[in-house]
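Student: coords please:
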Amino acid sequence: MKKILTLSLIICASYVNAQQTPNTTASVEKSIFGIQTGFLGIWLNNESRLSNTIALKTELGFDAGLWGGDFYKRTGFLLTPVLTVEPRLYYNLKKRVSKSRSIENNSGNFISLKTSFHPDWFVISNYDGLKVISDFSIVPTWGIRRHIGRHFNYEAGIGVGYRYIFAKRAGYLNNESDLATNLNLRIGYTF
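Tutor: Numbering: from 1, shown residues only. Reported below is the predicted structural model:
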């Protein structure tokens with residue numbers, strides 16, 4: 001009986017010690033689900049590990065728009081669906097670990113290739129009959145992600161890229177291309 005009790009205590013002590021040892025391997029999380037909001041939208045997302053430093057962020061949400069002025073009876077707003085796929089390279093995980101900083105829930109600096117599609121499925125707006133022309137954009141982005149507590153996070157990012165507008169589908173003569181920007185500041189909750 002004493003042997004079993006002693007063996008049980010050793011196993012429990014080693015389990016507790018293993019739980020308290022910090023993760024020294026610098027790697028992104030296997031899979032993270034969350035919701036984020038910013039000034040112009042709300043998004044559900046998942047980040048899945050592709051390698052120790054690369055994660056694939058997929059996102060479904062609503063981008064928002066605001067307009068107003070003397071030509072309009074009232075200030076307008078719209079929400080339109082957006083689908084996003086964004087491979088991210090978290091390049092400073094090892095440095096954060098070496099400085100005893102958290103990399104929990106992919107806290108770190110990243111560079112990414114944000115690829116977004118706005119379909120013309122529907123629009124939520126305070127104006128009737130409003131339509132959105134579909135577009136596709138690819139924007140190289142630099143950003144940071146940090147966690148506050150166990151579940152909350154914030155992200156900031158900036159980038160400039162390319163946007164292709166499917167104007168022919170909306171009745172225009174030609175499709176168009178344009179400069180696309182990504183300037184985001186978001187807060188979120190990780191499940």
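
Student: Wait, residue 151 touches residue 190, no?
Tutor: Yes. Counting by CB atoms under 8 Å, residue 151 does reach residue 190; the two are 5.3 Å apart. The way it works is simple: take the backbone N, C-alpha and C, and place the C-beta from them, glycine included.

Student: between those two, which one's more packed in?
Tutor: Neighbours were counted for residue 151 and for residue 190 using other CB atoms under 10 Å; residue 190 has more, 19 against 12.

Student: Packing partners of the helix or strand harbouring residue 162?
Tutor: Assigned by DSSP states H and E, residue 162 belongs to strand 152-165. Applying 3 or more CB pairs under 8 Å, 6 or more residues apart in numbering; DSSP states H and E, one finds that strand 152-165 makes contact with strand 31-38, strand 108-118, strand 135-148, strand 176-190.

Student: moving C-terminal of the second one, what's the next helix or strand?
Tutor: Meaning strand 108-118. Next along the chain after strand 108-118, with elements defined by DSSP H and E, is strand 124-125.

Student: and that next one, which strands flank it?
Tutor: strand 76-90 (antiparallel) (DSSP bridges).

Student: Return the helix or strand in this protein with minimum mean pLDDT.
Tutor: Scoring the helices and strands of the chain by mean pLDDT, DSSP states H and E places helix 2-20 at the bottom, with a mean of 46.

Student: Give me the below-cutoff pLDDT ranges for this protein.
Tutor: 1-24 (pLDDT under 70).

Student: Name the residues of stretch 134-153 that come out as buried.
Tutor: Residues of stretch 134-153 classed as buried: 134-137, 139, 141, 143, 145-147, 153 (neighbour count, 16 or more other CB atoms under 10 Å).
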